[in-house]
Every structure is written in C-alpha cells, then in structure tokens.
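> Here is my input, please return the structure:
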Amino acid sequence: MIVVSNTSPITNLSAIGQLPLLHALYGVLYIPEAVYNELKEGEHRGDHPPFLETTSWIEVRSVPPNFRQTSPPCRLDIGEAEAIALAQLMQADILLMDEHIGRRCARLMNLRVVGVLGTLIAAKQHGLIEAVRPLMEQLQQKAGFRISERLFQEVLQQAGE
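Presented below is the predicted three-dimensional model:
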C-alpha cells in the first residue's frame, strides 16, 4: 500500500504519543520535501518532539516542479500542494490530510483521503487501540485539534463507541 502524508496527521498523532499507529496501519509513509521541511521547522520550534531522524519508516520524496504545477488550482500551502502532487505521482492508495480545503482539492484529483480521525477508526478496527474517544479528547486538548460535536459523535458511532 502506498500512503502519502501531509504534515498535520503526523504532528497531531505525535502530539498525543500515537505516531506509531501510522506505521502499524500503513507501513512506509511517504512525505514530500515540503512536508519534511515543515516537520523539521516544528521540531526546531519545539512544536513536537523530534522524531524524523529516528523514524526509518517515513521516507522523503521529491516532487518535480513541473508536476507540482499541475496540482489543483486551490489555495493550498506548499506542504499540501506537494502532498497532493506526490500522491498523484506515486498513484497513492491513500493521502493522509486533515485540512478541509486540501481534502476537497485532493478528492477533485480522485485521491482517497483519510485524516487523523479516520486513522483512529482504522486503528480501532485493527485492534491497535481500545477506544477512539480518549484519543480524540487528547487531540483536542494537547494538539488543539478542532472537532465539531457532530463529527465527534459520528466518529464514535463509526468506531462502535
């Protein structure tokens, strides 16, 4: 399975100590150089613990500039644009992304998009975690992750909680 990630799924799961879920669910995770740079900047600022140099299952890939220009005409930051372009280039099975506009643009490009909450549901379905609720609460408290009450309830229902 080929899985490409944007920055936020990685940093949000790292913030709650659940980064290994990505490896357990998806194996190798591919990120574009822009996402790598965003993660390194976050490490330097102290936004999240350093993990890039010790995480062998996250691989950085280049996106040719001419390919990046064919990405959707949406208002995306460079990490989102490169993640979408890399997912297209690699014909990824999944693109991990949480930002609403980025997800919408990726779907317009016929990419399958999964976010942090979908990852938590999958982790529970695979028996990697016991419950989704406490991790969603940690995402809200520790990572500042915004989840509407409606979405919170939908995720709990999908997770069978």
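> Doesn't Val4 belong to a helix?
No: Val4: not assigned to a helix; according to DSSP: H, G, I helix; E, B strand; the rest coil it is strand.
> What residues does it make contact with?
29-32, 83, 86-87, 90, 92, 94-96 (CB atoms under 8 Å, 6 or more residues apart in numbering). All C-beta spots, glycine's among them, are computed from the backbone N, C-alpha and C.
> any idea how far Gly144 is from it?
24 Å (CB to CB, to the nearest Å).
> Kindly report the same for Val155.
17 Å.
> sec struct for the residue sitting furthest away from the middle of the chain, please.
Distance from the centre of the chain peaks at Asn66, with 24.2 Å (CA atoms, centre = their mean). With three-state DSSP as the basis, Asn66 sits in helix.
> and the gap between it and Ile84?
15 Å.
> Then Asp93?
14 Å.
> Over to Ala34?
In terms of CB to CB, Ala34 sits 11 Å off from Ile84.
> On the three-state scheme, the residue nearest to Gly115 when sequence neighbours are not counted is what?
Distance criterion CB to CB, 6 or more residues apart in numbering; nearest residue to Gly115, sequence neighbours excluded, is Asp98 at 4.3 Å. Under three-state DSSP, the three-state class of Asp98 is coil.
> I'd say Asp98 and Val113 touch.
No: with contacts counted by CB atoms under 8 Å, Asp98 stays clear of Val113, the gap being 9.2 Å.
> Just give the number of residues close to His100.
By the criterion of other CB atoms under 10 Å, His100 has 9 neighbours.
> what about it, distance to Ser8?
For His100 relative to Ser8 (CB to CB), the value is 11 Å.
> cool, and Gly127?
According to CB to CB, Gly127 stands 25 Å off from Ser8.
> Who has more neighbours out of these two?
Between Gly127 and Ser8, counted using other CB under 10 Å, Ser8 has the larger neighbour count: 22 against 7.
> show me the contacts for the more buried one.
97-99, 116.
> Out of these, who's the most crowded?
Met97 (30 neighbours).
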